[in-house]
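how does the following fold in three dimensions:
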Amino acid sequence: MSTQQNPITVTNITRRVACPGSFDPLTNGHLDIFTRASEVFDEVYALVTVNPSKKTMFSLEERMKLIQESTAHLPNVRVDSISSLLVDYCRANDIKAICKGLRVATDFDYEIQMAQMNHKIAGVETLFLAANPQHSYLSSSLIKEVAKYGGDVKDMLPAPAYAALMTRLAEQSAP
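Next up is the predicted model:
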């Protein structure tokens with residue numbers, strides 16, 4: 001009798017993860033998280049959040065399009081939007097985990113409470129990826145502010161997002 005055990009084979013399981021955010025606009029930091037998550041998961045859902053109390057520079061459709069264009073090289077990234085509880089979307093789409101990028105300690109302080117709540121109400125796990133140091137200072141809000149005053153943000157955004165931001169700022173400053 002052999003003492004070796006046969007390995008358990010699991011088939012037809014798709015590992016899905018949700019990466020939510022406002023992405024107004026998408027930054028290279030966001031793209032880095034999508035890329036890294038796409039190497040670990042079978043499907044990555046880039047979920048553009050809708051927050052009626054937040055004034056965005058780009059419409060929901062524009063933000064989704066920018067993500068689609070910027071992740072075209074990542075065949076397992078799906079783009080969708082949500083205006084309800086993230087965990088409800090996860091349950092409806094058989095997504096077992098949420099992936100969030102963390103830049104600084106204050107990100108963790110905010111995100112840990114949300115992670116614990118999501119686990120409590122729906123059993124959805126949250127995984128944190130430390131930001132790549134070359135992107136750790138990036139935030140959409142800061143990039144928009146710097147660009148508004150003429151600062152060079154070209155290396156901080158994927159090409160489609162940079163082009164869209166420059167066009168939008170030119171439209172806003174036109175008489």
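
got a list of what the residue nearest to the spatial centre of the chain touches?
Nearest to the geometric centre of the chain sits C19, at 4.0 Å (CA atoms, centre = their mean). Contact criterion CB atoms under 8 Å, 6 or more residues apart in numbering gives 30, 33-34, 37, 44-47, 98-100 as the residues in contact with C19. C-beta: built from backbone N, CA, C; applies to glycine.

from these, which land in strands?
Among the contacts of C19, the residues falling in strands (DSSP state E) are 44-47, 98-100.

one step back: for the contacts of C19, name the two members farthest from one another.
H30 and I98 (14.4 Å; CB to CB).

just the terminal-to-terminal distance for stretch 149-157.
17 Å (CA to CA, to the nearest Å).

how about residues contacting that stretch?
Here stretch 149-157 has contacts from 25-28, 138, 143, 146-147, 162, 165, using CB under 8 Å, 6+ apart.

what about 6 Å?
27-28, 138, 143, 146-147, 162 (CB atoms under 6 Å, 6 or more residues apart in numbering).

what are the boundaries of the helices in this structure?
Secondary structure of the chain (DSSP state H): helices located at 28-40, 60-70, 86-92, 105-122, 140-148, 159-173.

TSV for those helices, including distance to N76 and mean neighbour count?
Supplementary listing: those in TSV, determined by distance: least, CB to CB, whole Å; neighbours: other CB atoms under 10 Å:
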stretch	distance to N76	mean neighbour count
helix 28-40	5	19
helix 60-70	13	19
helix 86-92	17	17
helix 105-122	23	13
helix 140-148	24	16
helix 159-173	19	15
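
which one of these lies closest to R78?
helix 60-70 (9.3 Å).

chain center to the closest one, what's the gap?
Distance of helix 60-70 from the chain centroid (CA atoms, centre = their mean, to the nearest Å) equals 12 Å.

tell me which other helices or strands it touches.
Where contact means 3 or more CB pairs under 6 Å, 6 or more residues apart in numbering; DSSP states H and E, helix 60-70 is packed against strand 43-49, strand 77-82, helix 159-173.

contacts only, for R16.
43, 95.

just to revisit the earlier point, check the residue nearest to the centre of the chain and give its pLDDT.
According to the prediction, C19 has pLDDT 98.
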